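Colleague: below are the sequence and a predicted model; questions follow.
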Amino acid sequence: MSKFYITTAIPYVNAKPHIGHALEFIQADTIARFHRLLDKQVLLLSGADENALKNVQAAEEAGLDTQTLVDQNARLFENLAQKLNIQFDVFQKGSDQKHHYPSAQKLWQLCAKSGDIYKKSYSGLYCVGCETFYAKEELNENGECFEHPGKKLEEVSEENYFFKLSKYQDQLIQIIESDEYQIVPQFRKNEVLSFIKKGLQDFSVSRTNERAKNWGVTVPNDPTQRIYVWFDALNIYQSGIGFGWDDKKYQKWWPADIHVIGKGIIRFHAVYWPAILLSAGLPLPKKLLVHEYITVEGQKMSKTLGNVLDPIPLVEKYGADPLRYYLLAKLSPFQDGDFSEEKFKESYNADLANGLGNLVARVAKLCEQNNIEATTRSNVWCADLEKYMGEFKFNEALSVIWQLITEADKKINQDKPWELSGQELKKILEDYVKRIQAIAYNLRPFLPETAQKIEKQFLGAIKSALPLFPRI
RNA sequence: GCCAGGGUAGCUCAAUGGCGGAGCACCACAUUCAUAACGUGGCGGUUGUGGGUUCGAUCCCCACCCCUGGUACCA
C-alpha cells in the first residue's frame, strides 16, 4: 500500500480562523479522502504557527501570556476542522517543545553543517509598528511604510544569522522547471521561476531575543537568538511526522506528496522551503498546490472593513456539507471566488435540496412503496472524476457528479415508474438504487456526512427518511 | 513602478482563428414518485476600451482602463 502525505498551510494563530482557512482545510481533506478511497495510506497534517511575533503582539493586546493565547487560538482551528468533518491525522503545534523544538534545531544544524548559515550584521530601516525591516523601495514617498504612515522609521543595526539562499538559485530553477517539485497551477510556477531568475538574496533566519521578545525556538549554540518564524514554521511539515524525534515515522511519511497553500505564501513554500531542504540534504516535497482567495460579498476580507467571515456560524446553521459543497463546487480552484450568503443559499436550494436531496427522496419513496431491498453497493468512480481530481478541479469533479443526478431525474420522468408494476417496475427501481449508490460513493470525498447517510439509507430495506437538505 | 493572473448572459463560469455555450436566477408549459421539488421550452450577449494582422478575431499582435496577488528579513 503506498503512502500519501498531504498538508494544509500552517496558519499563524494570532486571530481566529476565517472562511479562507475553511476553504483550504476542505480542499486538503477532500484530496486526502479521495486518496484514501484509492487505497492509499494517507496522512493529513495541519498545525499552528505559534512562534510568530504577531502572536506575541496579539497576546499583549489581549492581556494574556503568549502560550495561553496560542493555545486558545490553535484550539479554534482544530474546532473548525472538527466541525467541517476534516480528518487531521496530526495537528502539530509550533510551541510544542517536546517534538517541534528539537526538530527545528535539527534542521538548523543540518543547514549549518552544509555551511549555509552564517552570521552577518544587518542594518536597515526598521518600522516599530510592523516590527520589521523595510527596503527604501518598499516605502512611500515620505519614507514611511504603508501600514503605518506618519511613523518614522529608525535606522537599526543588528547581528543575525543568514541562510545562503543565493547558493541554491540554479538548483531551484532546475527542480521547479523539471517539475521535480511541481507547482500547480502553471501560472504560479511561471511566477516563481521569474522571481528566482531575477536573482535570490540570502535571508535572515534568526532574530535577537529582544526583537523576538524571547518567544520561539532558540538557535542551537547561541542562546541570544531565536529561529526566524518561517524557517521554523515550514519545518512543522516535518516535525509533525517525526523529524528529529522519530526517525522511523519520518522515513515512512516524508517527503510530502502535496502541500496545499494560499497564494500569499507561495514564495516561502516554492523558494525558501526547497532551498532549506536542499541545504539539509533532505528529500523535496513533490507538489505545491496553490489556491486563491475568497472575497465576501464582492469585497476583500479585512479587519478594518470588519467583514472577516467566520465559518463557524455558517456550519452551525446549515451543517458542514452545504459549506463544503459551496466552497468546492462554486469556486474556481485557481481564481479568486466570492462568498455571499445569498449565493450560498442559492446553491443550497438549487443543487442540494432540489437536486441531490430531492432525487434521493423520490427514489426512496418509490422503493419504500414497492419493498425494494439493496444487497450490494455500487462503488465506481464516474467518468472523468479521477481526471478532474488529478487536476484539483473540484468544481468540475462535482459538476460531473451532478450530471448523474440530472440524468437520473430525467430517466425517472421518462420511465414514469408510478404507472408501472411487477417485475418491470422492480427492475427499474433497482437501476435507480444503483445510480443513487454510485452518486453517494462519488460524493464521499466531498460531502462525507451526506454520502454516509445515503449509503446507509440505500442498503437493506429502503425507507423514506427526513429530507437530507430541507429547503431554505 | 515592475512581474504575474483575470475582465464573456443579471450571477458563477466554459469554449474556439470559422453562426458565441452551460448551470443558476427569471418566464411559460407539462407533470405528481419527490422538499411548490423533477422535466420540456423560452428570455437573456457590441466577449473591458481603442487600434492592428486576417477572407474572417472573443481568440493572435500593440496601446490603454479596471480587478487581484506578489514585489524578499509580517504572516
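Modeller: Received, thanks.

Colleague: is it correct that residue A:470 is in contact with residue A:353?
Modeller: Yes - between residue A:470 and residue A:353 there is a contact at 6.8 Å, judged by CB atoms under 8 Å. Every residue, glycine included, has its C-beta placed from N, CA and C.

Colleague: who's more crowded, those two?
Modeller: residue A:353 (20 against 11; other CB atoms under 10 Å).

Colleague: for the more buried one, give me its contacts.
Modeller: By CB atoms under 8 Å, 6 or more residues apart in numbering, the contact set of residue A:353 is A:467, A:469, A:470, A:471, A:472.

Colleague: of the residues you listed, buried ones?
Modeller: residue A:469 (16 or more other CB atoms under 10 Å).

Colleague: contact partners for residue A:315?
Modeller: A:80, A:83, A:84, A:323.

Colleague: for it, give me the pLDDT.
Modeller: For residue A:315, the model assigns a pLDDT of 92.

Colleague: over to residue A:140?
Modeller: So residue A:140 comes in at 56 (pLDDT).

Colleague: got it, and the one 4 residues further on?
Modeller: The confidence metric pLDDT takes the value 62 at residue A:144.

Colleague: just checking, next helix/strand downstream of the helix or strand of chain A with the lowest mean pLDDT?
Modeller: Ranking every helix and strand in chain A by mean pLDDT, DSSP states H and E puts strand A:132-134 at the bottom, with a mean of 64. Per DSSP states H and E, the first helix or strand lying C-terminal to strand A:132-134 is strand A:154-163.

Colleague: okay, buried residues for the following helix or strand past that following strand please.
Modeller: Per DSSP H and E, the first helix or strand lying C-terminal to strand A:154-163 is helix A:169-177. For helix A:169-177, the neighbour count (16+ other CB under 10 Å) marks A:169, A:172, A:175, A:176 as buried.

Colleague: any low-confidence regions in chain A?
Modeller: Within chain A, the segments meeting pLDDT under 70 span A:126-154.

Colleague: for the closest residue to RNA strand B within the stretch 301-450 of chain A, give me its contacts.
Modeller: Here the stretch 301-450 of chain A gets closest to RNA strand B at one residue, residue A:357, 1.9 Å apart by CB to the nearest atom of the strand. Residue A:357 makes contact with A:467, A:468, A:469, A:470 under the criterion CB under 8 Å, 6+ apart.

Colleague: what residues are up against the third one?
Modeller: By CB under 8 Å, 6+ apart, residue A:469 lies in contact with A:322, A:348, A:352, A:353, A:356, A:357.

Colleague: repeat the analysis, applying 7 Å as the threshold.
Modeller: Residues near residue A:469 by CB atoms under 7 Å, 6 or more residues apart in numbering: A:322, A:348, A:352, A:353, A:357.

Colleague: with the second one instead?
Modeller: For residue A:468, the contacting residues are A:356, A:357, A:360, A:450, A:453, taking CB under 7 Å, 6+ apart as the criterion.

Colleague: in JSON lines: these, plus distance to residue A:58 and secondary structure.
Modeller: Listed next are the contacts of residue A:468 as JSON lines, based on distance: CB to CB, whole Å; DSSP: H, G, I helix; E, B strand; the rest coil:
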{"residue": "A:356", "distance to residue A:58": "41", "secondary structure": "helix"}
{"residue": "A:357", "distance to residue A:58": "42", "secondary structure": "helix"}
{"residue": "A:360", "distance to residue A:58": "45", "secondary structure": "helix"}
{"residue": "A:450", "distance to residue A:58": "37", "secondary structure": "helix"}
{"residue": "A:453", "distance to residue A:58": "40", "secondary structure": "helix"}
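
Colleague: and the stretch 351-472 of chain A, which residues reach RNA strand B?
Modeller: A:351, A:353-358, A:360-363, A:365-366, A:369, A:395, A:406, A:409-410, A:412-413, A:417-418, A:467-471 (CB under 7 Å from any atom of the strand).

Colleague: give me the buried entries from these.
Modeller: A:351, A:353, A:355-358, A:360-363, A:366, A:395, A:409, A:412, A:417, A:468-469.

Colleague: SS state for residue A:85?
Modeller: Using DSSP: H, G, I helix; E, B strand; the rest coil as the criterion, the local structure at residue A:85 reads coil.

Colleague: next up, phi/psi of it, please.
Modeller: phi 60, psi 40 (degrees, to the nearest 10).

Colleague: following the one helix or strand residue A:75 maps to, which helix or strand comes up?
Modeller: Using DSSP H and E, residue A:75 sits within helix A:66-83. Remark: after helix A:66-83, the chain's next helix or strand is strand A:90-93, criterion DSSP H and E.

Colleague: can you report how many residues lie near residue A:95?
Modeller: Neighbour tally, residue A:95, other CB under 10 Å: 20.

Colleague: I am finished for the moment; much appreciated.
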